[in-house]
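Student: Provide a 3D model corresponding to the input given below.
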Amino acid sequence: MVCTNFRSQGARILMLYKDFVAVTCLKLNLPKTVLVPLWPCEASQVRRMLITSDHPEWASCEVKSWSKHLGFALGPGKANHSWDSALKKFRERANLWDASHLGLHFTARAYNTFVFSVLSFLWQLEEVPEEVFKAEEQVLQQLTPGPGTWRLPSDLFYLKSLFGFPIGFNSVRHVALASKLRLSFFEVTNVAAKAQELQSCITSTNFIDRPGRLSEWYHGSLIYCLFRSGQTAQSLGVNAPLEWRKILSTYVQPITLADLSRARHKFQSHLTYRLLILPKFNVNVENRVRLKMSRWSLCIPPGIVSRRILARLPLLGKLVSPRVHAALFKALWNGWTTSARFQINSKCVLGCSEAVDALGHPIAEAHRTLCRLPFYSLAHVEGWSPPLFSFK
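Tutor: Residues are numbered from 1 along each chain as shown. Here you go, the predicted model:
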């Protein structure tokens, strides 16, 4: 409820709620009620001047510069308070799944279902602040343990689209933007008109100090967030109506209500995929693989190696179980916690007498063993010899 003059209307508002109690038996819980002053003042000043002296019956309520309604922070001092409890729960969920040791595949499924979804309600209407992206990076590091920066968050986001995994870790940035596009396309129509109407109300106010003093609150409004998300998508070349028509074109005409329901269900995931493959967000994956393969001093040109790996990894995902796929991925990305990875010189954990505990040692031993097997040996082919490589 918004009132123009609390000093004169405070008693009448309380009388209105008392009549409401008599009709519905629903009582106003004053200790949980928050008064948000919309004029420049201090909370202590409001409590002393308006409540204690003029309306003592309101003394048990709280006076703040912001309050929460249905999970969203509202008021001049809202800042990023909408995310406070959600981020706390996000980290708590991550801690619950941290000790499960599920492996990369099932960790991704658990993260997307039980951890990532905690934030999904807020990003439909709120801008995602930088602290959320930092928390996301910290949680991903926590859930995918390994030496140092063996993986970037972007590596985990593209596990499915680029590396052939059955599932990848969801990205807050991409899913949040896709969620706003879905909401503005299906639920909140005429977002641009509503944003223009809000701007007109802001500029035509009789209180000339408010557009400047409350600028951050005004421009952080829910309608402006949806409007800016549409502009961002347009600048990236993603048009929600066009993508919707593309989805509908995949169904046999005439389209039934069941087809429309299925298309609507997949709309957000389709937008997320379109955002993932955009050059603005998409990493240069070939350069990323080149960087990871630079430690293996192969005799093959790095460009050929990286392109072969990018071609083979999706094929491998169709032939082996996710745990085998994940094991190979961690080996290529140097994610196994060997002693050599931490610059420690110790013996091989497999019991080899003189070898060091390094990822290259078991691979080289396996390679030499396979080369000695009759079915693998191609020594009878003229000019063939086992590929030469060394390990750092």
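
Student: in this structure Arg288 contacts Asp155, no?
Tutor: Yes: under the criterion of C-beta atoms under 8 Å, Arg288 makes contact with Asp155 at 7.3 Å. (Glycine included, C-beta is placed from N, CA and C.)

Student: low-confidence stretches in this structure?
Tutor: The chain contains residues with pLDDT under 70 at 50-51, 99-100, 279-283, 340, 349-351, 353-355, 357, 359-392.

Student: domain assignment for it?
Tutor: Here the domain parsing of the chain from automatic domain parsing is 6-64, 176-276, 342-392.

Student: related to what we said a few turns ago, anything in contact with each of Arg288 and Asp155?
Tutor: With C-beta atoms under 8 Å, 6 or more residues apart in numbering applied, the contact sets of Arg288 and Asp155 do not overlap.

Student: so which of the two has more stuff around it?
Tutor: Asp155 (23 against 18; other C-beta atoms under 10 Å).

Student: show me the contact partners of the helix or strand harbouring Pro314.
Tutor: Here Pro314, judged by DSSP states H and E, is contained in helix 302-317. For helix 302-317, the surrounding residues in contact (C-beta under 8 Å, 6+ apart) are 162-166, 285-287, 289-290, 293-294, 298, 324-325, 328-329, 332.

Student: with stretch 242-250 instead?
Tutor: So stretch 242-250 is contacted by Phe185, Ile255, Asp259, Ala263, Lys266, Phe267, His270, Leu271, Arg274 (C-beta under 8 Å, 6+ apart).

Student: if we go to 7 Å?
Tutor: With contacts defined as C-beta atoms under 7 Å, 6 or more residues apart in numbering, stretch 242-250 is touched by Phe185, Ile255, Ala263, Lys266, Phe267, His270, Leu271, Arg274.

Student: who wins for neighbours among those?
Tutor: The most crowded member of those, judged by other C-beta under 10 Å, is Leu271 (25 neighbours).

Student: tally of neighbours for the spatially closest residue to Thr52 that is not a sequence neighbour?
Tutor: Leaving aside its sequence neighbours, Thr52 sits nearest to Ala59 (C-beta to C-beta, 6 or more residues apart in numbering; 6.4 Å). Neighbours of Ala59 under the rule other C-beta under 10 Å: 10.

Student: quick one, helices of the stretch 151-300 of the chain?
Tutor: Ranges of helices within the stretch 151-300 of the chain are 153-157, 172-186, 191-203, 210-213, 215-219, 222-236, 240-248, 257-276, 285-293, based on DSSP state H, counting those that start in this stretch.

Student: dump these to a markdown table, plus distance to Glu130.
Tutor: Listed next are those as a markdown table, based on distance: least, C-beta to C-beta, whole Å:
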| stretch | distance to Glu130 |
| --- | --- |
| helix 153-157 | 14 |
| helix 172-186 | 11 |
| helix 191-203 | 24 |
| helix 210-213 | 24 |
| helix 215-219 | 15 |
| helix 222-236 | 15 |
| helix 240-248 | 26 |
| helix 257-276 | 19 |
| helix 285-293 | 24 |
